[in-house]
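> Here is my input, please return the structure:
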Amino acid sequence: MHPPDTTAESHASFEQRRTALGRVQAFLHAYPTMVPVVVLGLSLVAFGLIAGERFFSPFNLSLIMQQVTVIGILAAAQSLVILTAGIDLSVAAIMVLTTVAMGQLAVELGLPAGIAIPLGMAVGIACGTLNGLLVTRLKLPPFIVTLGTWNVFFALNLWISGAQSIRSQAIDAQAPMLKVFGQSFGLFGTQFTFGSILLLAIFGALWYLLNRTAWGRHVYAVGDDKDAAELAGIRTDRVLISVYALAGLVCAVGAWAAIGRLGSISPQSFYEGNLQSITAVVIGGISLFGGRGSIMGALIGALIVGVFQSGLRLAGVDVLWQVFAIGWLIIVAVAIDQWIRKVAS
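Prediction:
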C-alpha cells in the first residue's frame, strides 16, 4: 500500500490559492476604485468605534466634507494629468495665483465680480496651457516643467499681491460673490457648503468626460502607451495640451471655492496643496504610471485622508502621528498598485 501523495495535495492547494489570488488581482485591475472604497468603509467603522458618537455626529461629518473640498478639487485636476502618465506639481500655485488675480481685479481694481471671476478662470487656463505647451513642444518631463512653473506661479502670486492678503471685510464690501461657495445650508441636521456641492459637480462632470466621450478614451490611451496611441491616429500632443488646460481650469474653479472656504485671499495659502492632491490621487487607486484608475478614486482618496485626520484628532492623536499615518497610507497604496500591475502584465 502506497502512502498518500502529500506533495501532490500541497501543490494542488497552492494552485487553488494562487488562482484565488489571481482572481482578486484581476478584479482589482478591472475595478481599481474598489481598494479605496474598502479602505474608506473600514476607516469609517474603525474610527466610529474609536471616537464613538462624536465621529458620526452631523457636525463632524459635514466638517470633513468641508475640509476636503479644496484639496479634492486639486486632486481632480491632478488626476487628469496623472492619467496621462504625467504629474503636475503646480496645481496649488495655479489655484492661489487665480485667487490673487480674482481678488486684485474685484477688490483692488473694483471690477464687477461677474467680470473678475471669468478673467481669473482665464488665468488658470493660461497657466495650465503653458504647462502643456512646455511638455509637448519642448519635450520636457512633466515633473521638471511643473516643478519650475510651481516656483514661477508662486513668485507671481507674491509680486501681484505685494505679499499682502485681502481681508474678508474687503471682499464682503467689494465682491461678496467671491465667497459664495463658503455659504452653507442645512441638510438632515448637517451644515454643508456650496463648495461641497461644487466638488461633487466637478467630479461628476470629469467622470462623464473621461468615461463617455472620445476625448476621455484618448486620455487613457495616451497614459497607457503614448507611442501606441500615436500609431492609432490619436493626436497625442493635442490631447496632452487639452488635459493640462482643463486641469488649469479646474484649479481656477478651486480658487473660487478656496476664497469661500478661507473667507480671505492669501498669496501664501495652500502651500502644501500639491503634495496633498497627489496623496489623494494615489490613495484613490489612480496609477502613477498612467492609463488606469477612475477619477472618482481621487474623491474617495481625499475623503479617506479627511476621515483619517478627523478620526485621529478625535482620538487624541498628535498631529505628528496623523502625518505619520497618512505617509504609510501612501506607501501601502503605491505597493498595492505595483502588485496589481505586476500580476496583470
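> Run through the stretch 1-150 of the chain and note the low-pLDDT ranges.
Scanning the stretch 1-150 of the chain for pLDDT under 70 picks out 1-18, 29.
> Tell me where it has helices.
Remark: helices assigned in the stretch 1-150 of the chain by DSSP state H, counting those that start in this stretch are 6-30, 34-51, 58-67, 69-82, 91-103, 113-137, 142-161.
> how about TSV for the ones you listed, with mean neighbour count and distance to residue 303 added?
C-beta here means a position set from N, CA and C on the backbone, and glycine is covered the same way. Supplementary listing: those in TSV, determined by neighbours: other C-beta atoms under 10 Å; distance: least, C-beta to C-beta, whole Å:
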stretch	mean neighbour count	distance to residue 303
helix 6-30	11	19
helix 34-51	16	6
helix 58-67	18	7
helix 69-82	30	8
helix 91-103	30	19
helix 113-137	20	24
helix 142-161	18	25
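> Out of these, flag the one nearest residue 329.
Comparison of the helices of the stretch 1-150 of the chain against residue 329 by C-beta to C-beta identifies helix 34-51 as nearest, at 8.0 Å.
> before we move on, the earlier item: quick one: which of the helices of the stretch 1-150 of the chain is nearest residue 206?
Ranking those by their distance to residue 206 (criterion: C-beta to C-beta) puts helix 69-82 first, at 5.8 Å.
> Please name every helix or strand in contact with that closest one.
helix 91-103, helix 194-212, helix 236-262, helix 273-283, helix 295-314 (3 or more C-beta pairs under 8 Å, 6 or more residues apart in numbering; DSSP states H and E).
> most tightly surrounded among those helices?
Counting by mean count of other C-beta atoms under 10 Å, helix 91-103 has the highest mean neighbour count of those, with a mean of 30.
> could you give the angle of that one to helix 69-82?
Interaxial angle of helix 91-103 relative to helix 69-82 (axes from the mean of the first three to the mean of the last three C-alpha atoms, to 10 degrees): 120 degrees.
> circling back to that earlier point, which of the helices and strands packed on helix 69-82 sits closest to residue 153?
That would be helix 91-103 among the helices and strands packed on helix 69-82, by C-beta to C-beta, at 3.6 Å.
> For the most centrally placed residue in the chain, which residues are in contact?
The centre of the chain sits closest to residue 75, judged by C-alpha atoms, centre = their mean, with a distance of 1.1 Å. Residues counted as contacts of residue 75 (C-beta atoms under 8 Å, 6 or more residues apart in numbering) are 276, 277, 280, 281, 284, 298, 299, 301, 302.
> tell me the contacts of the first one?
For residue 276, the residues meeting the contact criterion (C-beta under 8 Å, 6+ apart) are 71, 74, 75, 305.
> Can you tell me how far the nearest residue to the first one once chain neighbours are set aside is from residue 182?
Going back to what we said before, that points to residue 71. Of all residues not flanking residue 71 in the chain, residue 276 sits nearest, at 4.8 Å (C-beta to C-beta, 6 or more residues apart in numbering). Distance from residue 276 to residue 182, counting by C-beta to C-beta, to the nearest Å: 19 Å.
> what does residue 206 give?
23 Å.
> what do you get for residue 127?
Using C-beta to C-beta, residue 127 is found at 24 Å from residue 182.
> repeat for residue 60
To residue 182, residue 60 is 19 Å away according to C-beta to C-beta.
> just residue 92 next, same as before
Distance from residue 92 to residue 182, by C-beta to C-beta: 19 Å.
> Residue 245 touches residue 132, doesn't it?
Yes: taking contacts as C-beta atoms under 8 Å, residue 245 lies within contact range of residue 132: 6.0 Å.
> CA atoms only: put stretch 64-81 into CSV for me.
Taking C-alpha atoms only, stretch 64-81 is exported to CSV below (Å, rounded to 0.1, in the frame of the first residue of the first chain):
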residue,chain,number,x,y,z
ILE,A,64,-14.9,66.5,7.0
MET,A,65,-16.6,67.3,3.7
GLN,A,66,-15.8,71.0,4.0
GLN,A,67,-12.2,70.3,4.9
VAL,A,68,-11.6,68.1,1.8
THR,A,69,-13.4,70.4,-0.7
VAL,A,70,-10.4,72.4,-1.9
ILE,A,71,-7.9,69.5,-1.8
GLY,A,72,-10.5,67.4,-3.5
ILE,A,73,-10.8,69.8,-6.4
LEU,A,74,-7.0,70.0,-6.7
ALA,A,75,-6.9,66.2,-6.7
ALA,A,76,-9.4,66.2,-9.6
ALA,A,77,-7.0,68.4,-11.6
GLN,A,78,-4.1,66.3,-10.6
SER,A,79,-5.9,63.1,-11.7
LEU,A,80,-6.3,64.3,-15.2
VAL,A,81,-2.5,64.8,-15.6
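> Could you list which residues are in contact with the nearest residue to residue 272 once chain neighbours are set aside?
Distances taken as C-beta to C-beta, 6+ apart put residue 92 closest to residue 272, at 7.5 Å, once the chain neighbours are dropped. Residue 92 makes contact with 74, 150, 251, 270, 271, 272, 273, 274, 277 under the criterion C-beta under 8 Å, 6+ apart.
> again, only using 6 Å
Listed by C-beta atoms under 6 Å, 6 or more residues apart in numbering, the contact set of residue 92 reads 270, 273, 274.
> quick one: secondary structure of the first one?
Looking back up the chat, that one is residue 270. coil (DSSP: H, G, I helix; E, B strand; the rest coil).
> Residue 314 versus residue 52, what's the distance?
Counting by C-beta to C-beta, the gap from residue 52 to residue 314 is 8 Å.
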